[in-house]
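Q: build the 3D model from these lines:
(one chain, ligands or ions: 1)
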Amino acid sequence: MPDAVGAVTKGPGRQPEGAHGTSASAAPSSVARADKETRKALLRSRFVGCLVGGAAGDALGAPVEFLRYPEILARFGATGITGYALAYGRMGAITDDTQMTLFTAEGLIRDGMRRALGNRGTVEGLVAAAYDRWFSTQTGRPPRFGRDGGVLEWPPAGDGRSQDGWLMSHDDLHHRRGPGATCLAALEAMTVLGEPATNDSKGCGGVMRIAPVGLVHGWVGYEPRKTMALGKALAALTHGHPTGAIAAGALAVLIAEIVRGRDVKEALACVHECLARERHGANTEDALQRAEKWAQQCPDDPVAAIPHIGEGWIAEEALAVGVYCALTARDFSDGVIRAVNHGGDSDSTGSITGNILGALWGAETIPASLLEPLELRDVITELAEDLVAFAKWYDGDPGDASHQPDHALRARMEQKYPGY
Ligand SMILES: [Mg+2]
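A: Alright, predicted model coming up:
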């Protein structure tokens with residue numbers, strides 16, 4: 001396990017009380033001495049923080065996703081929305097952003113299991129199959145693809161449902177929560193697992209779901225270039241415009257760098273390097289530069305700054321609004337409150353901001369008021385913990401025994417995440 005996870009939570013210039021990690025001045029040598037259990041706990045905190053934090057930002061934004069800013073003020077008063085409000089018939093309701101993030105994580109784990117078992121396939125194919133299961137939760141249409149990646153006969157002759165796995169067994173994931181039209185259409189049209197979508201969309205539906213790529217790939221065998229490529233490839237399953245994919249690759253790298261102990265500014269430096277190598281990286285680069293400029297010039301007035309960065313309906317703007325909020329947040333709550341109080345795609349910008357700040361500061365910095373009412377909190381936490389277990393052996397050579405899980409872990413994981 002790399003030492004990097006224990007290396008720091010410097011914060012984006014501001015750091016909340018209670019944020020985990022060593023202080024900004026901690027020497028690398030002291031980090032290296034951190035015992036294994038401490039590092040494991042820090043890694044868990046970042047993974048759970050990223051997924052639960054994203055869900056909390058999503059749920060905070062859900063009631064105002066389709067409201068203009070003056071409408072938010074009219075409904076919630078001069079401070080805007082500052083806590084959960086009723087959406088989809090309950091408090092703390094998650095939306096499609098969180099649902100799809102969970103299926104991204106599930107697909108990545110199942111791809112790791114595929115590799116451990118020596119099954120055929122690709123990571124794009126396995127995550128596409130996970131998105132097909134999400135499509136199924138939204139439409140009631142059974143999952144279409146079988147163990148071999150081929151289209152299933154339906155009804156299946158044998159164990160059709162056995163392929164669904166643990167995640168899909170949760171009935172509360174099967175609610176429609178404003179699923180993106182582009183994602184639904186692309187998945188409906190998908191005939192070959194892992195093939196990129198043929199549309200020209202750069203909606204934020206690719207970037208909003210991509211954080212698990214950064215969690216998993218920030219780990220063993222990390223290379224920013226590969227993380228960028230995988231983030232792009234998984235977003236391109238539903239979004240055909242280059243920027244729809246590149247913004248997702250950028251968030252994956254950002255999360256990976258943060259999990260490895262960088263602060264947001266340091267992580268952004270790596271993202272900029274990656275974008276400079278992208279032929280179509282200019283849209284995303286420009287949006288991030290706007291976010292950083294406004295974070296520097298206008299850190300205390302997000303209501304004034306965010307409209308200059310974007311509304312978040314398109315991928316690079318959703319990422320940029322998330323980055324502005326992460327750079328200027330005083331604490332986790334402040335960050336996600338900033339991220340949802342504008343006239344744009346509040347649940348997606350809330351989700352991305354929550355992903356970043358949760359990975360940066362850890363699960364302990366998410367307040368109980370956002371944690372306790374959060375829908376599917378236990379499922380999200382358990383999936384994040386499974387990602388921790390999985391991240392340790394994911395990227396190893398399948399033939400390298402040192403990267404294989406122990407037998408009990410492997411049996412449990414295989415039950416929950418079949419390798420196809
Ligand atoms: Mg949504």
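Q: get me the contact residues on this protein for the ion.
A: For the chain, the residues in contact with the ion (CB under 5 Å from the ion) are 95, 96, 97, 178, 347. In this view, the C-beta of every residue, glycine as well, is placed from N, C-alpha and C.
Q: where is pLDDT lowest across those?
A: For the residues of the chain next to the ion, the least confident position by pLDDT is residue 178, scoring 94.
Q: are any of the residues of the chain next to the ion buried, and which?
A: 95, 96, 97, 347 (16 or more other CB atoms under 10 Å).
Q: okay if I get those residues as a markdown table plus distance to residue 214 and secondary structure?
A: Output for these, formatted as a markdown table (distance: CB to CB, whole Å; DSSP: H, G, I helix; E, B strand; the rest coil):
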| residue | distance to residue 214 | secondary structure |
| --- | --- | --- |
| 95 | 21 | coil |
| 96 | 20 | helix |
| 97 | 15 | helix |
| 347 | 20 | helix |
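Q: and for residue 312, the neighbour number?
A: 32 (other CB atoms under 10 Å).
Q: now swap in residue 414 and tell me
A: 15.
Q: helix, strand or coil: sort out it for me.
A: Three-state assignment for residue 414 (DSSP: H, G, I helix; E, B strand; the rest coil): helix.
Q: ok, for the residue in the chain that the ion sits nearest to, nearest residue in space, not its chain neighbours?
A: Nearest residue of the chain to the ion, counting by CB to the ion: residue 95, 3.4 Å away. Closest residue in space to residue 95, ignoring its immediate chain neighbours: residue 177 at 3.9 Å, by CB to CB, 6 or more residues apart in numbering.
Q: can you name every helix or strand that the strand or helix carrying residue 72 contacts?
A: Secondary-structure assignment from DSSP states H and E places residue 72 in helix 69-76. Helices and strands touching helix 69-76, by 3 or more CB pairs under 8 Å, 6 or more residues apart in numbering; DSSP states H and E: there are none.
Q: how far does that helix sit from the chain's center?
A: 28 Å (CA atoms, centre = their mean, to the nearest Å).
Q: just the buried positions in it, please.
A: Of all the residues in helix 69-76, those buried under the rule 16+ other CB under 10 Å are 69, 72, 73, 76.
Q: how near is the first one to residue 302?
A: Taking CB to CB, to the nearest Å as the measure, residue 69 falls 11 Å from residue 302.
Q: overlap in contacts, those two.
A: 341, 342 (CB atoms under 8 Å, 6 or more residues apart in numbering).
Q: pLDDT at the residue nearest to residue 419 when sequence neighbours are not counted, what is it?
A: What sits nearest to residue 419 in space, not counting adjacent residues and going by CB to CB, 6+ apart, is residue 113, at 3.5 Å. Here the pLDDT value assigned to residue 113 is 88.
Q: report the secondary structure element holding residue 113.
A: Residue 113 belongs to helix 96-117 when assigned by DSSP H and E.
Q: determine the longest helix present in this structure.
A: helix 36-61 (DSSP state H).
Q: can you give me the buried ones in that helix?
A: Buried residues in helix 36-61, counted by 16+ other CB under 10 Å: 39-61.
Q: just to revisit the earlier point, wait, isn't the residue of the chain closest to the ion in contact with residue 65?
A: Yes - counting by CB atoms under 8 Å, residue 65 is a contact partner of residue 95 at 7.3 Å.
Q: between the two, what contacts are shared?
A: Going by CB under 8 Å, 6+ apart, residues that sit against residue 95 and also against residue 65 are 178, 347.
Q: what sits against the residue nearest to residue 95?
A: Counting by CB under 8 Å, 6+ apart, residue 177 touches 62, 88, 93, 94, 95, 96, 99.
Q: quick one: the strands in the stretch 101-250 of the chain?
A: Remark: strands of the stretch 101-250 of the chain are absent; assignment by DSSP state E, counting those that start in this stretch.
Q: quick revisit: so what's the residue nearest to residue 419 up against?
A: 413, 414, 417, 418, 419.
Q: out of these, who has the most neighbours?
A: Neighbour counts for the contacts of residue 113 peak at residue 417, which has 26 neighbours (criterion: other CB under 10 Å).
Q: for that one, what are its contacts?
A: Counting by CB under 8 Å, 6+ apart, residue 417 has contacts 106, 109, 110, 113, 165, 166, 386.
Q: residues touching the residue most central in space within the chain, list them.
A: Closest residue to the average C-alpha location of the chain: residue 211 at 2.5 Å, with CA atoms, centre = their mean. Counting by CB under 8 Å, 6+ apart, residue 211 touches 50, 51, 54, 101, 104, 251, 252, 255, 352, 355, 359.
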